[in-house]
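Colleague: test case, fold it:
(2 chains, ligands or ions: 2)
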Amino acid sequence: MSVVAVKSAATGFYAARFADLRTRLPGHGLAWLDAARERALRAFEQLGFPTTRDEAWKYSNLALLERRQYAPVSVAAPADPALVVPHDVCGGYLLVFINGQFSAPLSRLPQGTHIGSLGQALQQNPGALRGDIENAPLTHGVAALSVALFADGASIQLAAGTQFSAPIHLLFLSTHADCMISPLNVIVLGEGSTATVIEHYAGVAELPYWSNASTRIRLQANATLEHINVLQESAKAYHTGSITVDQASGSRYNSHSIALGGLFGRKDIGVRLAAEQAQCSLNGLYVTTGREHIDFHTCVDHLVAHGTSREFFKGVLSGASRAVFNGKVVVHPDAQQTDAQQSNKNLLLSEDAEIDTKPQLEIFADDVKCSHGATIGQLDESHVFYLRARGLSEQAARNVLTYAFCEDIIAQLPVEPLRKHLNQALLARLPDGDRLTELI
Amino acid sequence: MLEISNLHAKVDGKDILRGLSLSVKTGEVHAIMGPNGSGKSTLANVIAGRPGYEVTAGSITYLGKDLLALEAEQRAREGIFLGFQYPVEIPGVSNIYLLKAAVNAVRKHRGEQELDAIDFLALVREKVKIMQMNEQMLYRAVNEGFSGGEKKRNEILQMLMLEPKLAVLDETDSGLDIDALKVVAEGVNRLRAPDRAIVLVTHYQRLLNYIEPDYVHVLAKGRIARSGGKELAQELETRGYGWIETEAAAQRSGAMT
Ligand SMILES: Nc1ncnc2c1ncn2[C@@H]1O[C@H](COP(=O)(O)OP(=O)(O)OP(=O)(O)O)[C@@H](O)[C@H]1O
Ligand SMILES: [Mg+2]
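Modeller: Ligands and ions are numbered 1, 2, ... in the order given. Here you go, the predicted structure:
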């Protein structure tokens, strides 16, 4: 069986599902939306599933995902609060999506705002969403598929000047085997508004499923978004997701990507600093075990002068896990006085773990301040001995040092209860880590 | 308490300790002096159980047990404390966390209850006062950005918290100003007790004015070349190590023929 044949079989499968489903997808009948979905589907059919021959997918192989067929139908799940409780970890507002479907009874929505499900927003005020959906990222084949098939997602539209202090938690919970969920989230912050949004993917224990998400973010002048994306997918789940951000002048985008679970994860984050004085920071932490695979591809485009970007990703790899970090910063010709820093630090806890890290600077302007760097290392044995000489067991010493390595990324999360939850989840990934609870 | 007999040890394939014997009884303070590179820190690390320090011959008995059979953390829990010559900086781990984890590891080993937060804090505050340290230092990362002297004080603070039976302090006086030296000496003297012992590795007679040793040993080329009372330290201060090394070499060649 040739590779091409497999590829077209999978592409054909999803195209057929699209044909079955299209009239039942939210917003059907809106001519512009139907056209946008068709366009996305055609892009998917043309691009197909990425293969390791694509430079951007060199180390991340989707062949197994492609071979298995995931049903892009949203299976209605009972609104069981017990499902949500362990994941309801941010306080504040909560939008729950079970197997891709918005569940109003399980959610806590603020009154009188434009925060809710995309499906509802498309019924109430589709015009407001048009530009963002039409411009949703078709970064690669599966991203295009996600846009073609999106069944729901969150719509957050903040009016100018709105200050939202309570976090808005988008929880995507998968409870059904062999399902594919395709959420599309649209987040638009009006001039001078601020919000904290947590995009959180989680699944029931050992279920195989596929989360294929797209998130479109637009920040108007002087708006500030804290965006935390958390992957706690099941041990057999695939996650592919794209986030694209457009920033107007003086806006700030602070992104925190925390990956603590999932068989395979791939996040593409693209930020366009398209007006002066915009700032973005992309932080991330991935902790992989067993045979997990995680891949972060980020790209920051400095299009105009006086932009600032910071990127700081850390990884801890054990077992036979593998991580890929590709951080690209492009400073376009007009982007003088750009200030860009990037770093990726990795801790390899086992000989079988593997990291491919590639910080990439492309600079087309001459008056800029840019730096980048990547490190790969092990725990410092003199540190391990120091702690053992004070009575800590060797495993405890290693865990303390591993935790310490990660700690600064978690410490920057602006949502206190979430920090606690993620600290616990992080410790749970270390051997005997649960014994270190007094650390936090 | 500690019986070291004919100890040979290698580091990175290189013979460093070559037939070292030393006997330390409870209640005693021993000073170990000797030229740079003579093996003082190697001895301290071998006692503490540092990986990579390979004992090729000889034995160490501690409180009647075979010390070399114990892992580093077991030795610490059994009451051995190594004050490091170069304490490492550990970003991300707070001093107070380390102290708490260390104290509770030792207590658990002894079958005692772990200290609750209030008792622990009271204890640590008392010791911080003795060491004349700023309480803020408790909340900083272990030794990170500490000055040389602050690191040494921090070692003694840890020692006071852990109340070891045998403290091996490797050049804890190096890099201390005169006032800090007094504070550190005061900390060490507080630990002196009939059921404990202290081994001080030092280059300077001055420390021994504050902490009076019962015995002074000179380590040269991996063995004890000479032992004496505290007057030996004074003699070294004026005469240096040359004469001992010559004597020791003469003894060795004499023994061989
Ligand atoms: N990892 C190593 N590999 C090779 N040689 C080593 C290693 N560690 C120590 N040594 C050597 O062992 C010898 C003894 O070192 P040690 O640190 O014990 O000396 P010391 O008596 O404590 O000296 P100082 O007074 O300078 O602290 C030195 O010659 C040193 O270079
Ligand atoms: Mg030394």
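Colleague: which element is residue 200 on?
Modeller: Looking at chain A here, since you left the chain open. Using DSSP states H and E, A:His200 sits within strand A:194-203.
Colleague: wrong one, chain B
Modeller: Using DSSP H and E, B:Leu200 sits within strand B:197-201.
Colleague: same question for A:Cys280.
Modeller: With DSSP H and E as the test, A:Cys280 turns up in strand A:279-288.
Colleague: who's in contact with the helix or strand of chain B with the lowest mean pLDDT?
Modeller: Within chain B, no helix or strand scores below helix B:242-256, which has a mean of 73 by mean pLDDT, DSSP states H and E. In this structure, residues lying in contact with helix B:242-256 by CB atoms under 8 Å, 6 or more residues apart in numbering or on different chains are B:Pro35, B:Val218, B:Ala220, B:Lys221, B:Arg223, B:Ala225, B:Arg226, B:Leu236. Backbone N, C-alpha and C define where each C-beta goes, glycine included.
Colleague: by neighbour count, which of the residues you listed wins?
Modeller: Within the contacts of helix B:242-256, most neighbours by other CB atoms under 10 Å in any protein chain shown means B:Val218, with 25 neighbours.
Colleague: any idea how far that residue lies from chain A?
Modeller: Distance, B:Val218 to chain A, by CB to the nearest CB, to the nearest Å: 26 Å.
Colleague: ok, the closest residue to that residue other than its chain neighbours - contacts?
Modeller: Take B:Val218 and drop its neighbours on the chain: the residue closest to it by CB to CB, 6 or more residues apart in numbering or on different chains is B:Arg226, 4.5 Å away. B:Arg226 makes contact with B:His217, B:Val218, B:Leu232, B:Ile244, B:Glu247, B:Ala248, according to CB under 8 Å, 6+ apart.
Colleague: can you put the residues you listed in CSV and add distance to ligand 2?
Modeller: Listed next are the contacts of B:Arg226 as CSV, based on distance: CB to the ion, whole Å:
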residue, distance to ligand 2
B:His217, 14
B:Val218, 14
B:Leu232, 19
B:Ile244, 18
B:Glu247, 22
B:Ala248, 19
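Colleague: looking at neighbours, which among those residues is most surrounded?
Modeller: Among these, B:Val218 has the most neighbours (other CB under 10 Å), with 25 neighbours.
Colleague: list the neighbouring strands of whatever helix or strand it lives in plus their orientation.
Modeller: Element membership for B:Val218, per DSSP H and E: strand B:215-220. Within its sheet, strand B:215-220 is paired with strand B:29-33 (parallel), strand B:223-228 (antiparallel), according to DSSP bridges.
Colleague: so how many other residues sit close to the nearest residue to B:Arg125 once chain neighbours are set aside?
Modeller: Spatial nearest neighbour of B:Arg125, excluding adjacent residues (CB to CB, 6+ apart): B:Glu135 at 6.9 Å. Using other CB under 10 Å, B:Glu135 has 12 other residues around it.
Colleague: repeat that for A:Asp178.
Modeller: 13.
Colleague: list the contacts of A:Leu282.
Modeller: A:Ser255, A:Ser257, A:Ile269, A:Val271, A:Thr298, A:Val300, A:Ser309, A:Arg310, A:Glu311, A:Phe312, A:Phe313, A:Gly327.
Colleague: now for the helix or strand hosting the fifth one, which elements pack on it?
Modeller: Going back to what we said before, that points to A:Thr298. Using DSSP H and E, A:Thr298 maps to strand A:293-302. Helices and strands touching strand A:293-302, by 3 or more CB pairs under 8 Å, 6 or more residues apart in numbering or on different chains; DSSP states H and E, are strand A:252-259, strand A:264-273, strand A:279-288, strand A:308-317, strand A:322-331.
Colleague: which parts of chain B sit against ligand 1?
Modeller: B:11-12, B:14, B:16, B:34, B:36-42, B:85 (CB under 6 Å from any ligand atom).
Colleague: secondary structure added to those, as JSON lines?
Modeller: Supplementary listing: the residues of chain B next to ligand 1 in JSON lines, determined by DSSP: H, G, I helix; E, B strand; the rest coil:
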{"residue": "B:Val11", "secondary structure": "strand"}
{"residue": "B:Asp12", "secondary structure": "coil"}
{"residue": "B:Lys14", "secondary structure": "strand"}
{"residue": "B:Ile16", "secondary structure": "strand"}
{"residue": "B:Gly34", "secondary structure": "coil"}
{"residue": "B:Asn36", "secondary structure": "coil"}
{"residue": "B:Gly37", "secondary structure": "coil"}
{"residue": "B:Ser38", "secondary structure": "coil"}
{"residue": "B:Gly39", "secondary structure": "coil"}
{"residue": "B:Lys40", "secondary structure": "helix"}
{"residue": "B:Ser41", "secondary structure": "helix"}
{"residue": "B:Thr42", "secondary structure": "helix"}
{"residue": "B:Gln85", "secondary structure": "coil"}
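Colleague: among the residues you listed, which ones lie close to ligand 2?
Modeller: B:Lys40, B:Ser41, B:Gln85 (CB under 5 Å from the ion).
Colleague: if we can go back for a sec, the helices and strands packed on strand A:293-302: which one's closest to ligand 1?
Modeller: Ligand 1 lies closest to strand A:308-317 among those, at 27.7 Å (CB to the nearest ligand atom).
Colleague: which residues does the residue in the stretch 201-350 of chain A positioned nearest to ligand 2 contact?
Modeller: Closest contact between the stretch 201-350 of chain A and ligand 2, by CB to the ion, is at A:Leu347 (29.8 Å). Contact partners of A:Leu347, counting by CB under 8 Å, 6+ apart, are A:Lys314, A:Gly315, A:Val316, A:Leu317, A:Gly377, A:Gln378, A:Leu379, A:Thr402, A:Phe405.
Colleague: mind checking pLDDT for residue 88?
Modeller: Because you didn't say which chain, this covers chain A. Confidence at A:Asp88, expressed as pLDDT, is 97.
Colleague: other chain: chain B
Modeller: pLDDT recorded at B:Val88 is 96.
Colleague: again with the one 3 residues further on
Modeller: Predicted confidence (pLDDT) at B:Pro91: the value is 92.
Colleague: go on, A:Glu191?
Modeller: If you check A:Glu191, the pLDDT there is 98.
Colleague: do you know how far it is from A:Leu273?
Modeller: Applying CB to CB, to the nearest Å, the value for A:Glu191 to A:Leu273 is 17 Å.
Colleague: identify the residue spatially nearest to B:Met159, adjacent ones excluded.
Modeller: Nearest non-adjacent residue to B:Met159 (CB to CB, 6+ apart): B:Phe81, at 5.2 Å.
Colleague: who does the one you found bridge with?
Modeller: B:Ala167.
Colleague: my read: it touches B:Thr172, true?
Modeller: No: checked against CB atoms under 8 Å, the pair B:Phe81 and B:Thr172 is beyond contact range at 11.0 Å.
Colleague: where among the strands paired with strand B:215-220 is the average confidence lowest?
Modeller: Lowest mean pLDDT within these: strand B:223-228, at a mean of 93.
Colleague: that one to helix B:242-256, inter-axis angle?
Modeller: 120 degrees (axes from the mean of the first three to the mean of the last three CA atoms, to 10 degrees).
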